[in-house]
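Q: sequence unknown, structure follows:
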C-alpha cells in the first residue's frame, strides 16, 4: 500500500525542535506512515532532534521548504540567500533520511507580476541558473528536489505542469523532479489526472487535500481518476495531506485560510487519512 502522510502545517507554524517530538507522536498515533516537515527558517529543526523523534515514531520523513519574502531566484538580489536556504533544506533532509525536498523553489510565494513571452523566458533562464548549483548539491547528498507549480493567486511564474517542464527541462533528473499538489492542480489544470500523466517519470512527490483545502474525500476531486493516473506513471511515493490551521495568524494569512476547514485539526487529519486508506 502507498504510504499516507501529513504536513505538520495542519497544526502549527513554525515547527521547531521544541515541539517536533510531541507532534510526531501525535501523528504516528493517528496511524500515519509519513510526515512532511517544513523548514521555515534555518535552525528551526536540527538533525539530532528530528532524527530521535523519527526513530521513536517510525514515520517516513519528507522535507518541504517555504519561499517567504526575500527567497527568490528571479530577483538577483535574493539568489545567494535563497540558494543557501535551499542547501540547508537539503542538508536537513539528508541528515534525517528524507528522500526529497519539495516546494515552489523559484520565486517568493505570493509575488505575482505580468510577463510577456520574452520576459517569461528570461525569468525561467534566471531560475535555472540559480537552481543549477542547488540541484548539484542535492545530487551530492542523495536527495531530490521537487519543484511545485502553484495556482495563479500565489505565483505568476509556474502554474502548470507544462510550464514546469518547459522551465526546468534541462535540470530534470535524479536531482530535480516535480512535486504536485491536488489543490493547485484543481485550479490550474483542465484535468488533474492528465497533468499527472504529463509529469510522468518526473513526478517526485504528491500532496493532497480537498478542493477547499480541507480533508481529502467528500469533495469535488475525482480521486479514483487521480490515483489511476499515479499508478499509470509508476508513482510509488506517499500521498501527503497538506492543509493549514486557521489558528495561526502567519500561516492563515499566507495560505488564505479564513475559516475552519474541519471541527478540529485532528478531525481534518483523521478524516483525510481514513479516506486515503480507501484509495491507496
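A: Cool, the structure landed. The structure displayed is predicted, hence computed values, not measured ones.
Q: could you check the distance from residue 63 over to residue 36?
A: Separation of residue 63 from residue 36 (CB to CB, to the nearest Å): 8 Å. (Glycine included, C-beta is placed from N, CA and C.)
Q: helices of the chain, start to end?
A: Taking DSSP state H as the criterion, the chain contains helices spanning 17-30, 47-57, 79-96, 117-140, 161-168, 182-188, 192-199, 223-232, 249-255, 265-277.
Q: starting at the chain centroid, how far to stretch 134-146?
A: From the chain centre to the centre of stretch 134-146 is a distance of 16 Å (CA atoms, centre = their mean, to the nearest Å).
Q: buried ones in it?
A: Under the neighbour-count criterion of 16 or more other CB atoms under 10 Å, stretch 134-146 has 134, 135, 137, 138, 139, 141, 143, 144, 145, 146 buried.
Q: which residues are in contact with the residue nearest to residue 251 when sequence neighbours are not counted?
A: Closest residue to residue 251 apart from its sequence neighbours, by CB to CB, 6 or more residues apart in numbering: residue 13 at 3.9 Å. Counting by CB atoms under 8 Å, 6 or more residues apart in numbering, residue 13 touches 38, 40, 244, 245, 248, 250, 251.
Q: pull out the buried residues from the residues you listed.
A: Buried among the contacts of residue 13 (16+ other CB under 10 Å): 38, 40, 244, 245, 248, 251.
Q: so the fourth one sits against residue 252, correct?
A: Meaning residue 245. Yes - contact criterion CB atoms under 8 Å: residue 245 and residue 252 qualify, at 7.1 Å.
Q: residues of the helix or strand of the chain with the lowest mean pLDDT that come out buried?
A: Within the chain, judged by mean pLDDT, DSSP states H and E, the helix or strand with the poorest mean is helix 249-255; its value is a mean of 81. Residues 251, 252, 254, 255 are the ones in helix 249-255 that count as buried (16+ other CB under 10 Å).
Q: same check, this time on stretch 150-164
A: Result for stretch 150-164 [16+ other CB under 10 Å]: buried residues 150, 154, 155, 156, 157, 158, 159, 160, 161, 164.
Q: looking at these, which one is closest to residue 226?
A: residue 161 (13.3 Å; CB to CB).
Q: from the chain's centroid, how far away is stretch 220-236?
A: How far stretch 220-236 lies from its chain's middle: 18 Å, per CA atoms, centre = their mean.
Q: got it, and stretch 47-63?
A: Taking CA atoms, centre = their mean, one finds stretch 47-63 lying 18 Å from the centre of the chain it belongs to.
Q: what comes into contact with that stretch?
A: With CB under 8 Å, 6+ apart as the test, stretch 47-63 has contacts from 3, 5, 17, 20-21, 24-25, 27-28, 32-39, 89, 91-93, 95-102, 205, 238, 240.
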